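Asker: Dropping a prediction and its sequence here:
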Amino acid sequence: MSITTNNVVFVYRAGDSDSLEVARYYQSLHDLDDRQLISVPCSDTEILDNETEFNTQVLNPLDDALYGSASLLINDEYGSFLNIWVIVLGYNVPGGFYDDFDIISSTSRISRINYSYSKKVRNDLYDRKVFKRFDAEDAEKCLIVSRIDAPTVAEAKYIIDNSEKVIKQRFVNGKLFFDPYSDISGNGAQEYTQLMLDFFEKVFPSLNLDYFSTVYLDPYIDSVLPYALNDSFVWSWFSDRGSSDFFRDSVTSRIFHYNADYDGAFTVRNSLWRGWPRLALEAGYTNSAGAMSMPGIDAFLNPKSFFTNLYRGATIGEAFLISMPYFDWTIAFFGDPLIQIEFPVTLIVNDSEIEENEGYKRMSENLARSLAYYRFKEIKFEAIRDSIIDSTDIDASVDLLVPSSKLYLTCNESKRNQLFEKLVQRFFEYPEIRFEFSDLFSFSPSVNDYLSEKGYKLSELIPDSLKDQNIISSSNKIPEDYWKFESNIYDVAGFFSFYHFELQVSDQENFSSLLFTINSRNSQSNWYYEIDNNIFEAIPSLGVPSSFVGRRVRYISSVSEYLDRATIHYYRIRQISNGQEYNFRTSRDIIFS
Amino acid sequence: MISTETYQTIADDLAIGQDEGLLIKFYLVEMLNILDASEVSDTDRAKSNLKYEITNVYNKANIYHNDINTDVIEFMAKLQSHVLNYYNTIDDFLQEKGIMVYCTFARISLAAGFPISLDYIRDAEYCDLNVFGD
């Protein structure tokens, strides 16, 4: 079940009528129950001196209100609580606390309210590759937290007014103002620019938005956006100070502004502060994010995961959470986290739909498996016949030689070819018909052209069913006895981890004897993980980050590990992280090469 | 008479061959599932041709690769009849030779008219002699 207004609480400052006024304003927008407004006895200092102060004034009272025995959020007579997944910290509630030279944002810290403070700890949900809406399982790890705060009550209410407009309108058609270049040098800066360009190339076209982008000048010049007009999004770096005249009068809904810099979110209460989050909210943006103190380039938000989640239907709070690399850190999130929007073209994404070429490849493997099981049965029936032939008993031979030969003839190679020949012909015709007029390759491409173009290889068992077995060139065939193993990656650790994998292969169902034990920690050779949908890349020596949970890991046999065609083998794999070996998952497969 | 070793080999190979042979059809169904989930229109000629042929092979495999296939039952009848030249019942033979058979073998034997008691069936608690693998 996805987030609803029932999953939200709004936190205000106890004894502060202004803070309560803003809370009531937000309550009325989302029709929240009175129990969903929580007061905490805090000071109106924006940045508290230290963690202890923060815990005393904000975290502990909030924790009590959410989960304590006197909580008003107890939902029924059994003592279960309302599922609070979203917390909005209101007007005059502290926005962070000092920890040495760092300022830890309250939104980042409260996201992990159920865990002890651990400075700059990795966000396990960061950049997860398989989309899903935030749910109860995610809420076990972290909550979605934002701030609605401003120099004045009126300005805080203005943020809520803008949210209301977007909630009613929902449709977004303003431009993206995009600045992927900075004058910062070093690998981290290059990587972040590359990440932004990658987003712009791969994700942005799906949004069907217009854009304005800066261009690369030279490494020493920070290209800057001159202004924002008719904008709905700004994603930029690095010019860290702006002015209110940057934002020109616009007719479009302003949704999310992010400038990757080092201290833009230091304050949103000081009207003289020229950091971007405050300026953006003042200019009508419903949401913004920024760092309260030096976050490090590795902590900048990820535009790919942010926009991917947003266009798949997540709330802006979810999109922010998935795009933020660290908790208990300096990045703060502002505005109403419940906003959901629609882009100019409704994107219909069907996760169960299989891309045609991928489908062809998978069908080829299943066709080969079907043929391999036929071959398996053939071998067994042949063994039955041979056992009679080898029998030294005359009576048994006389009674059973003919029946056993007949039995074998029902399931021999000729019968197999007879059964599958037409299907294999149709299978080979498929790409020829489908891509007849494609400009990928020559007019009327053969199945061989198709396989070569795509780099796919087929099991020899497939063309072997045809009279003309040479129809597939040897370079498009999988070597006989080759095998590969694939498994999903699971969230076994429950927190951010790098996973390695141990695969055991046996010909015994109970694994009483092992043929191979292969560990990706010892050697990454032949190990791959699904870096993008159906695209595999070598596993790095560090392992596979848990953001790839839901994607696949693959092992490809080396020549010395080849197994006999049409034999059944058992596989078990376990994930390993930080020395911890998790449970094996078992499967079986036939060698279909 | 057939040796214990040969009988055991036949009993095991026949049962395992039959059981695993059911997966011939399973992976044809998987192919159909992939085609159904494909982004390609159902009216596309290549797709409908392929779908038609997979279904055709499935239907044929359904006849030839199941536990009540005539050829398999005929072979079973010959095998068990041979045993009955020397024993009153198949159970007597299995008991004396200490042979245990798989459920699938016992099921085909029953279909051929030669019942086998649960006492001689491996993992008999999981064996339903009236359910045929299809």
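Answerer: Received it, and whenever you're ready, just let me know what you need.

Asker: Compute the first-to-last residue distance for stretch A:478-495.
Answerer: By Cα to Cα, to the nearest Å, the extent of stretch A:478-495 from end to end equals 39 Å.

Asker: in that stretch, what's buried?
Answerer: A:I478, A:Y482, A:W483, A:F485, A:E486, A:S487, A:I489, A:D491, A:V492, A:A493 (16 or more other Cβ atoms under 10 Å in any protein chain shown). Quick note: C-beta positions are derived from backbone N, CA and C, even for glycine.

Asker: where does the stretch 151-300 of chain A dip in pLDDT?
Answerer: A:217-222 (pLDDT under 70).

Asker: Name the residues of it found near chain B, please.
Answerer: Taking Cβ under 8 Å from any Cβ of the partner chain, no part of the stretch 151-300 of chain A reaches chain B.

Asker: residue in the stretch 151-300 of chain A nearest to chain B?
Answerer: Going by Cβ to the nearest Cβ, chain B is nearest to A:S206 of the stretch 151-300 of chain A, at 15.8 Å.

Asker: Check what contacts the host helix or strand of that residue and list those residues.
Answerer: Element membership of A:S206, judged by DSSP states H and E, is helix A:204-207. Contacts to helix A:204-207, defined as Cβ atoms under 8 Å, 6 or more residues apart in numbering or on different chains, come from residues A:L176, A:F178, A:Y211, A:F307, A:Y311, A:F343, A:P344, A:L347.

Asker: Selection in ChimeraX covering whichever of those residues are buried, please.
Answerer: To isolate the buried subset of these in ChimeraX, counting by 16+ other Cβ under 10 Å, use the following:
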select /A:176,178,307,311,343
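
Asker: Check the contacts of helix A:204-207 and tell me the two furthest apart.
Answerer: A:F178 and A:L347 (19.5 Å; Cβ to Cβ).

Asker: of the buried residues of stretch A:478-495, list those near chain B.
Answerer: Of the buried residues of stretch A:478-495, not one also sits near chain B (Cβ under 8 Å from any Cβ).

Asker: Restricted to strands, list these.
Answerer: If you go by DSSP state E, the buried residues of stretch A:478-495 have A:F485, A:E486, A:S487 in strands.

Asker: so how far is chain B from the last one?
Answerer: Right, A:S487. The gap separating A:S487 from chain B is 17 Å, by Cβ to the nearest Cβ, to the nearest Å.

Asker: residues in contact with that residue?
Answerer: A:S487 touches A:F501, A:R552, A:V553, A:I573, A:R585, A:S587, counting by Cβ under 8 Å, 6+ apart.

Asker: swap the cut-off to 6 Å and go again
Answerer: A:V553, A:I573 (Cβ atoms under 6 Å, 6 or more residues apart in numbering or on different chains).

Asker: does A:L367 count as helix, strand or coil?
Answerer: helix (DSSP: H, G, I helix; E, B strand; the rest coil).

Asker: ok, now how distant is it from chain B?
Answerer: A:L367 is 6 Å from chain B, by Cβ to the nearest Cβ.

Asker: cool, A:Q508 as well?
Answerer: 14 Å.

Asker: check contacts around that residue.
Answerer: So A:Q508 contacts nothing (Cβ under 6 Å, 6+ apart).

Asker: isn't there a helix covering it?
Answerer: No: checked against three-state DSSP, A:Q508 lies outside a helix; its state is coil.

Asker: Do you know the pLDDT at it?
Answerer: A:Q508 carries a pLDDT value of 95.

Asker: Please apply the same query to B:L129.
Answerer: 78.

Asker: Helix or strand: which one has it?
Answerer: Residue-wise, B:L129 maps onto no helix or strand under DSSP H and E.

Asker: check contacts around it.
Answerer: B:R107, B:L110.

Asker: Please tell me how far it sits from B:S109.
Answerer: Distance, B:L129 to B:S109, using Cβ to Cβ, to the nearest Å: 9 Å.

Asker: A:Y408 is in contact with A:A383, isn't it?
Answerer: No: contact criterion Cβ atoms under 6 Å: A:Y408 and A:A383 do not qualify, at 9.2 Å.

Asker: So for the two, which residue has more residues nearby?
Answerer: A:Y408 (21 against 18; other Cβ atoms under 10 Å in any protein chain shown).

Asker: buried stuff in whichever helix or strand that one is part of?
Answerer: If you go by DSSP H and E, A:Y408 is part of helix A:394-409. Applying a neighbour-count criterion of 16+ other Cβ under 10 Å, one finds A:A396, A:S397, A:D399, A:L400, A:P403, A:S404, A:L407, A:Y408 buried in helix A:394-409.

Asker: Quick one: distance of stretch A:396-409 to the chain centre.
Answerer: 58 Å (Cα atoms, centre = their mean, to the nearest Å).

Asker: ok, that stretch near chain B or not?
Answerer: Yes: among the residues of stretch A:396-409, A:A396, A:D399, A:P403, A:L407 lie within reach of chain B under Cβ under 6 Å from any Cβ of the partner chain.

Asker: Walk me through the domains of chain A.
Answerer: Recorded structural domains for chain A (assignment: automatic domain parsing) are A:5-335, A:356-476, A:484-590.

Asker: if we can go back for a sec, for the ones in strands among the buried residues of stretch A:478-495, give me TSV that also has pLDDT and distance to A:T152.
Answerer: Output for those, formatted as TSV (pLDDT from 0 to 100; distance: Cβ to Cβ, whole Å):
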residue	pLDDT	distance to A:T152
A:F485	97	62
A:E486	96	58
A:S487	96	56
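
Asker: Now flag whichever of those residues is closest to A:V268.
Answerer: Nearest to A:V268 among those, with distances taken as Cβ to Cβ, is A:S487, at 46.2 Å.

Asker: so what's the residue of chain A found nearest chain B closest to, chain neighbours aside?
Answerer: When distances are taken as Cβ to the nearest Cβ, chain A reaches nearest to chain B at A:K380, 3.2 Å away. Counting by Cβ to Cβ, 6 or more residues apart in numbering or on different chains, B:G17 is the residue found nearest to A:K380 once chain neighbours are left out, at 3.2 Å.

Asker: okay, now that neighbour: neighbour count?
Answerer: Neighbours of B:G17 (other Cβ under 10 Å): 24.

Asker: do the same with A:E51
Answerer: Other residues close to A:E51 by other Cβ under 10 Å number 17.

Asker: coming back round to it: Serialize the contacts of helix A:204-207 to a markdown table and add fields for distance to A:R254 and secondary structure.
Answerer: Shown next, in a markdown table, are those (distance: Cβ to Cβ, whole Å; DSSP: H, G, I helix; E, B strand; the rest coil):
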| residue | distance to A:R254 | secondary structure |
| --- | --- | --- |
| A:L176 | 12 | strand |
| A:F178 | 15 | strand |
| A:Y211 | 15 | strand |
| A:F307 | 16 | helix |
| A:Y311 | 17 | helix |
| A:F343 | 15 | coil |
| A:P344 | 16 | coil |
| A:L347 | 21 | coil |
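
Asker: isn't there a strand covering A:Y262?
Answerer: No: counting by three-state DSSP, A:Y262 is not part of a strand but coil.

Asker: From A:I184, how far off is it?
Answerer: Relative to A:I184, A:Y262 is positioned 10 Å away (Cβ to Cβ).

Asker: didn't A:Y216 look like it was pressed against A:S182?
Answerer: No: applying Cβ under 6 Å, one finds A:Y216 not in contact with A:S182, separated by 10.4 Å.

Asker: Can you verify my assumption that A:N519 contacts A:L503?
Answerer: No: counting by Cβ under 6 Å, A:L503 is not a contact partner of A:N519; they are 7.7 Å apart.
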